[in-house]
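Peer 1: Need coordinates for the below:
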Amino acid sequence: MSIASQESCQSLQMLLRALHLPSFVSQHEQVAIQAQKQGWSFGRYLHHLAEVELADRQTRRIERHLKRSGLPKDKTLQTLQLSRLPVKVQRQVPSLCEGAFVKSADNVLAFGLPGRGKTHLVCAIGHELINRGYKVLFTPAYKLVQSLLTAKRQLCLEQEMLRLDRFDAVILDDIGYIQQDREEMEVLFTFIGERYERRSVMITSNLVFSQWDRIFKDPMTTAAAIDRVVHHSTILELTGKSFRSEEAKKKNDDETNDKNTDSKDKQKCK
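Peer 2: You can find the predicted model right below:
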C-alpha cells in the first residue's frame, strides 16, 4: 500500500471513529476485499457495513442492559426446568417472554412457597425481555426499599424514582421479607403507585394477598397496594414440590450410593 493510500485509510478510520461507527472501523477493509472479489456495487458494500454496524450495536446494547440489570447470569430460560412448573404457568411463559405486558405497563406476580422456582422464572423472563431490547432491573425487595429510604432521608427520593423509571420492568424479589417498618411500607407503596399503569413491576412472594397486611400493616394501604399491582396483571401460581428440597435429596442419595459403591469395592479388594 502506498503512503497516500495509508494516509487515506487512517483518515477514513479517524472519520468513522468520530462518527461512532466502531464496526465500520474494524470491518470496512475486510468487507472491501470481499466486495471486490464478489463484484459488489458501492451501494451493496455500504449496505452490508450498515447491517454489521446495527447488529453489533444491538449486541453491545444487550450487553449493557444485562450488566445494569443485576439479573443472575445463571437464571435463564435455558436453565429453567420448565417441565416441572404447573402446566398453566408453562403456557403463560412464551407470551410473557415476548414482552407484550411491558408495552402495556402490566404487572407479573409470581406466588408460591419457598423453593418453587419463582425467582428463576421471573429472571428467565427478564433475560428474554433484555434480548428484545427492554431495560430490566432485578433487585431483592428489601434492597430496593433500603435504597428508597436512603434517598428519602437525603431528600432525593424524586431523583431515585426517576432513575428507576428508566427501567421498563423492575423485578422485586421476595416482597414478603421486608422488615415491615412503617417507613419501609410507605416508600414501597410510593414506588408501586409511581409505576402504576406507566411501567411494569414483576413481584415474587411466598405470601398470598390475604397475608400482605404483614407487609403494609395498615388495611387501607394493603388494599390500595394490592389493587394497583393486580389491576392489569398476570398471576403465576407455582405449586408442587420444592426444587431445592428435591435437589438436596438427590445429592444425598448420590453421596450415599457413592459410599456404598466404595465400601463394596474395598470388600472386593480384601
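
Peer 1: Going by C-alpha atoms from here, please, whenever you check contacts or count neighbours.
Peer 2: Noted.

Peer 1: Could you list the low-confidence segments of the chain?
Peer 2: In the prediction, the chain carries residues with pLDDT under 70 at positions 1-10, 12, 179-180, 242-270.

Peer 1: the strands in it, which residues?
Peer 2: Assigned strands in the chain, in chain order: 107-111, 136-140, 169-173, 200-205, 233-237 (criterion: DSSP state E).

Peer 1: Nearest to residue 36, out of those?
Peer 2: Closest approach to residue 36 among those is made by strand 136-140 (43.3 Å; Cα to Cα).

Peer 1: So what angle separates the directions of that closest one and strand 169-173?
Peer 2: Here the directions of strand 136-140 and strand 169-173 differ by 20 degrees (axes from the mean of the first three to the mean of the last three Cα atoms, to 10 degrees).

Peer 1: so how far is residue 78 from the most centrally placed residue in the chain?
Peer 2: Among the residues of the chain, the one closest to the centroid is residue 126, at 3.0 Å (Cα atoms, centre = their mean). Residue 126 sits at a distance of 13 Å from residue 78 (criterion: Cα to Cα, to the nearest Å).

Peer 1: Residue 55 too?
Peer 2: Distance, residue 55 to residue 78, using Cα to Cα: 23 Å.

Peer 1: Please identify which of these two sits among more neighbours.
Peer 2: Remark: of residue 55 and residue 78, residue 55 carries more neighbours, 13 against 9, as counted by other Cα atoms under 10 Å.

Peer 1: partners of residue 140 in the sheet?
Peer 2: Applying DSSP bridges to residue 140 yields these beta-bridge partners: residue 173.

Peer 1: Tell me who's in contact with it.
Peer 2: Residue 140 makes contacts with 171-175, as judged by Cα atoms under 8 Å, 6 or more residues apart in numbering.

Peer 1: Repeat that for residue 191.
Peer 2: The contact partners of residue 191, taken as Cα under 8 Å, 6+ apart, are residue 161.

Peer 1: ditto for residue 132
Peer 2: The contact partners of residue 132, by Cα under 8 Å, 6+ apart, come to 98-99.

Peer 1: Roughly how far does it sit from residue 109?
Peer 2: The gap separating residue 132 from residue 109 is 21 Å, by Cα to Cα.
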